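Engineer: Only the shape, not the letters, is given here:
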């Protein structure tokens, strides 16, 4: 039977993983796809580099755009990365030619959802991106097809392995953020420039995609994003004491008003919640549906094997003719803006570094009272050199009120450093 | 656009759930399916019963076979249950007509895999059964499509909500099996005749289906099945002490010899394993793939909403033309037999009820030594009226050796009752 011919750009870990997977499991992939799947055209910065696979029989091009224009390919696979430049050009050429395009590029899909939706639907060219969200976990297929009948209430989870590794290691070792970050960089779990991961942007890209499938494409710039730089060892200790874990979550929720609440931020998650025990570099996606109820899937969110599996799963769908519109349904109209955080209600955790002397607690509680913060729990722990840590857990209140209260606390003489405020995410089942 | 017309038999909880879901979410289902999906023909034992939905506009038939023969339907949906009789007849008529068939009937698919595979492929009629395995969890789609590229090493999990509810409640309350079973029956979590659930048959049906997708259809009668009747409160206590939870697992593994190890039995699972914290009526499916690594998905395994979601997800796939062969790939050749348990190696937990007197431990350990059982851990706990409980954890050994040793232990004068042997399932990540 006629093979499905792939033009692929980006021969890094994932690209080579795709070629290796297609070769190693050729027989069973052909059986499941109904026809062979073969990479026939490629490009890479250094064609001569030894990548551990024989690539001499492939058609080599000098850039990704040329691969996408190869007249003898059936599918474009973009594994270059980056939301602009060669990656974007390749995807747009592929779609404009009416070819199915498979990408692992979360930034591209999240930032250019409108353009890509338009191109994909105008040229009737499917864009598949299972590998862009949570690596090996079929979160896209789960949301787009497994839960297709349901009206989802929420979708999200732990979407960045680097942050989850750092938070897990900080909790287990009691060591500092910067210390663990260096270690993660040495192990290859974090990039030399770690900002995309630890400042929440990678999580935000993935969340925007999940929200696009579950609800509607969102305006990426309207998504409030906060990373994990300000979380300290003491916060993980307090969380443990209170029966919580700290996780960087990206969550999107459909409100009864038809609006979408979505955010990326470190949260306290009850230790009994399924995602609380998802540790190290593992990712987890959790959904809550009107009919399907709560569901959680966890697995490896990155790496050669898992990501290659996701790319090839998309290729098998294409080979079998299972081609869906980009968001699982025809979408028209502009992307929508997320609800401003100030309109979101939640319980909060506030951690302060204070002068360790009498009267401090009275000063704090009177500020909280003045700002009508209803306090659920307070605990204190001695720190070094005449300082103490204070953790406050509030009852549910608006983000606006908590910001005002935290600002007033920061203005107190006895409060050193900036207070840290974390959302308490109690609703995950 | 022309609607997909459904003929449905079985208007119990799930059947009515399907109709309700199709009506409530009609607009979004049409958008995702690319066309409307409508139930047009039905049958039920009591047509006049008030089911909370207006069914007066549907074509009513006196039996399922007639529904399946309706010339104006596009899909047959079988929600009657039972591996023979009306359910089987309806499915076979549908497939023979070349119509896609959707069923929630695990027993039917597990017991008649050969016949159904043959009918489905001869008539080019897809058979979809997402609702048959783990209810609302898209475990079938995950294994068949999400992991389609990968060579799986194992698949399985917690597949029966009733057993998981009973084991969770026994652990949390310290109460007896029979006590909790009665309570589960009152709550509707267990059937009046609970054997299908608690003796492991329901788990076995679902496991056989997952193994069929991941590896190859198996001969159902070759699957060793053990339920949870013999697990006592003391075992859950010992497990806690040892850092384990007890779960009824169904697992299938592909061996390097090409054979399939598969079984259903209560196991000790390390408390750190993702499925260890899946409690109450929740189900979980876990996979381990060469490329994809470990993955675990948990959610509601039964009930109106989750099961209806699974049925309608299959209908949306059919409406969109995403029709796969019954096991995700063309299968020919007979179903294969599972490896006999005697050839499976594992660590084990043995629990004895013994006379509480000096010399008992010496007698036990000498039997273990004579049977070359390498002991990892022993603990003892006083029981009532001069008896004590002894828990033994072994190093990995063959099932054959553990059986012989357990038999010799049972023959000891100081050992009362039958010893209980549970597998220790250490490999779940």
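Structural biologist: Received the coordinates, thanks. Computed from a predicted structure; not experimentally measured.

Engineer: So for the helix or strand hosting residue A:312, mean pLDDT?
Structural biologist: Assigned by DSSP states H and E, residue A:312 belongs to helix A:304-319. In this model, helix A:304-319 has a mean pLDDT of 97.

Engineer: what does stretch A:381-394 give?
Structural biologist: Mean per-residue pLDDT for stretch A:381-394: 92.

Engineer: Spell out which parts of the stretch 151-300 of chain A neighbour chain B.
Structural biologist: Contact residues, the stretch 151-300 of chain A versus chain B (Cβ under 8 Å from any Cβ of the partner chain): A:151, A:272, A:274, A:277-278, A:289-300. From N, CA and C alone the C-beta is placed, and that goes for glycine too.

Engineer: taking the residues you listed one by one, which sit in strands?
Structural biologist: A:289, A:293-300 (DSSP state E).

Engineer: Select from those the one having the most neighbours.
Structural biologist: With neighbours taken as other Cβ atoms under 10 Å in any protein chain shown, the top of these is residue A:297, carrying 31 neighbours.

Engineer: so that residue sits right up against residue A:136, yeah?
Structural biologist: No. Using Cβ atoms under 8 Å, residue A:297 is not in contact with residue A:136, being 10.3 Å away.

Engineer: Overlap in contacts, the two.
Structural biologist: residue B:295 (Cβ atoms under 8 Å, 6 or more residues apart in numbering or on different chains).

Engineer: which residue is nearest the middle of chain A?
Structural biologist: In chain A, the centroid-proximal residue (Cα atoms, centre = their mean) is residue A:203; its distance is 2.9 Å.

Engineer: mind checking which helix or strand the most far-flung residue of chain A relative to its centre is in?
Structural biologist: Using Cα atoms, centre = their mean, the residue of chain A lying farthest from its centre is residue A:358. It sits 44.1 Å away. If you go by DSSP H and E, residue A:358 is not part of any helix or strand.

Engineer: give me phi/psi at it?
Structural biologist: Note on residue A:358: its backbone torsions stand at phi -70, psi 150 [degrees, to the nearest 10].

Engineer: Distance of it relative to residue A:381?
Structural biologist: Applying Cβ to Cβ, to the nearest Å, the value for residue A:358 to residue A:381 is 17 Å.

Engineer: ok, now residue A:369?
Structural biologist: 23 Å.

Engineer: Need the nearest residue in space to residue A:295, chain neighbours excluded.
Structural biologist: Once flanking residues are discounted, residue A:295 sits nearest to residue B:299: 3.6 Å by Cβ to Cβ, 6 or more residues apart in numbering or on different chains.

Engineer: In terms of pLDDT, where does the one you found sit?
Structural biologist: We note a pLDDT of 97 for residue B:299 in this prediction.

Engineer: Does it touch residue A:288 like I think?
Structural biologist: No. At 9.9 Å, residue B:299 does not count as touching residue A:288 under the criterion of Cβ under 8 Å.

Engineer: Which neighbours do these two have in common?
Structural biologist: Residues touching both residue B:299 and residue A:288 (Cβ under 8 Å, 6+ apart): A:294-295.

Engineer: domain ranges for chain A?
Structural biologist: The record's domain split for chain A, according to automatic domain parsing, is A:4-132, A:139-300, A:344-424.

Engineer: among those, which is nearest residue B:390?
Structural biologist: Closest approach to residue B:390 among those (Cβ to Cβ): domain A:139-300, 31.2 Å.

Engineer: for the stretch 151-300 of chain A, what spans make up the helices?
Structural biologist: Along the stretch 151-300 of chain A, counting by DSSP state H, counting those that start in this stretch, helices occupy A:161-173, A:177-187, A:195-198, A:201-214, A:233-242.
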